[in-house]
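Peer 1: could you look at this predicted model? Sequence included:
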Amino acid sequence: MNTSRTLSLDNMNTLDSSSIRDVMYETWRAEKTLELKKKKRLEKKKIEEAEKQKKKEAEEKRRDASASYQAWKENKKSNLVAQKRAIEEKKRKEKEEKDEKMSQQIHARKAYESWKQDKDERLKEERRKKENIEREKTMTMREKEDEKQKDSERAFKRWSSDKEERLKKEARLKREKEEDLKYEQELKEAEKEEESVKAYQKWEDELERRKNREKRRLKKTQPISPYPFRPSSNTVPFGR
């Protein structure tokens, strides 16, 4: 009887120890599971926060890049406008200087020709008077009469020659005037042609801008690609 009771107590002790171990194991497993879940939640939270931070940094970079590009674009546009104005101003000054130089040359040539003609006529007259004085000193009355006749003939010839010279001069001046008018007309036609070229170039630039705007508009209306964006090698570097 004592032996049977002892066996029963041992079985109870054994059962209690097993239950305690089970309880302890279950408790440890529950704590471990809770700890793992907590750890996973923390890791998931860290990952989500890292993703948010990454997106935030990417958005800030995108805004900075866009601002840099707009600043670069405005600066480039200003530089192009300034360069165009400088080129046009330079062309205008060069044209004014060229026209002024041409006008000075024409006036100088006319002044020289007028001065030369006056000088030649004055020298002719002085030479004629000197010759007359010399002849009068050595001439007799008859010779004087003959000389008068000859003088009249020479005067007529001189008058005819002067008239011919005057007509030639008038014809030359008329021809020079026509050449000057023709040159001025050619200058005006060249200026009109240059203005036409500028107007055509402006029209082409406007047409190109319209085409580019239409392309951008069509590009915006196209569906978003499922593939990640990859900038081309022709992308303008921001911040330059």
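Peer 2: Looks like it arrived, so ask away. Numbering: from 1, shown residues only.
Peer 1: now the strands for the chain?
Peer 2: Secondary structure of the chain (DSSP state E): no strands present.
Peer 1: measure residue 127 to residue 160 for me?
Peer 2: Summarising the geometry, the distance separating residue 127 from residue 160, computed by Cβ to Cβ, to the nearest Å, is 18 Å. For glycine as for every other residue, the C-beta is placed from the backbone atoms N, C-alpha and C.
Peer 1: run the chain-centre distance for the helix ranked longest in the chain.
Peer 2: Using DSSP state H to assign secondary structure, the helix with the most residues in the chain is helix 2-138. Once both centres are worked out by Cα atoms, centre = their mean, to the nearest Å, helix 2-138 turns out to sit 18 Å from its chain's centre.
Peer 1: so which bits of stretch 129-148 are buried?
Peer 2: For stretch 129-148, burial by neighbour count (16 or more other Cβ atoms under 10 Å) applies to residue 147.
Peer 1: so what touches that stretch?
Peer 2: In this structure, residues lying in contact with stretch 129-148 by Cβ atoms under 8 Å, 6 or more residues apart in numbering are residue 151.
Peer 1: tabulate the CA atom coordinates of it in PDB.
Peer 2: Coordinates of each C-alpha in stretch 129-148 appear next as PDB, following Å, rounded to 0.1, in the frame of the first residue of the first chain:
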ATOM      1  CA  LYS A 129      46.300 136.800-121.100                       C
ATOM      2  CA  LYS A 130      50.100 136.400-120.800                       C
ATOM      3  CA  GLU A 131      50.300 135.200-124.400                       C
ATOM      4  CA  ASN A 132      48.200 138.200-125.500                       C
ATOM      5  CA  ILE A 133      50.500 140.600-123.700                       C
ATOM      6  CA  GLU A 134      53.600 139.100-125.300                       C
ATOM      7  CA  ARG A 135      52.100 139.200-128.800                       C
ATOM      8  CA  GLU A 136      51.000 142.800-128.400                       C
ATOM      9  CA  LYS A 137      54.500 143.900-127.700                       C
ATOM     10  CA  THR A 138      55.900 142.600-131.000                       C
ATOM     11  CA  MET A 139      52.900 143.100-133.300                       C
ATOM     12  CA  THR A 140      52.300 145.800-135.900                       C
ATOM     13  CA  MET A 141      48.900 147.300-136.600                       C
ATOM     14  CA  ARG A 142      48.200 144.900-139.400                       C
ATOM     15  CA  GLU A 143      49.300 142.100-137.300                       C
ATOM     16  CA  LYS A 144      47.000 143.400-134.600                       C
ATOM     17  CA  GLU A 145      44.100 143.300-137.000                       C
ATOM     18  CA  ASP A 146      45.000 139.900-138.100                       C
ATOM     19  CA  GLU A 147      45.500 138.900-134.500                       C
ATOM     20  CA  LYS A 148      42.100 140.300-133.600                       C
END
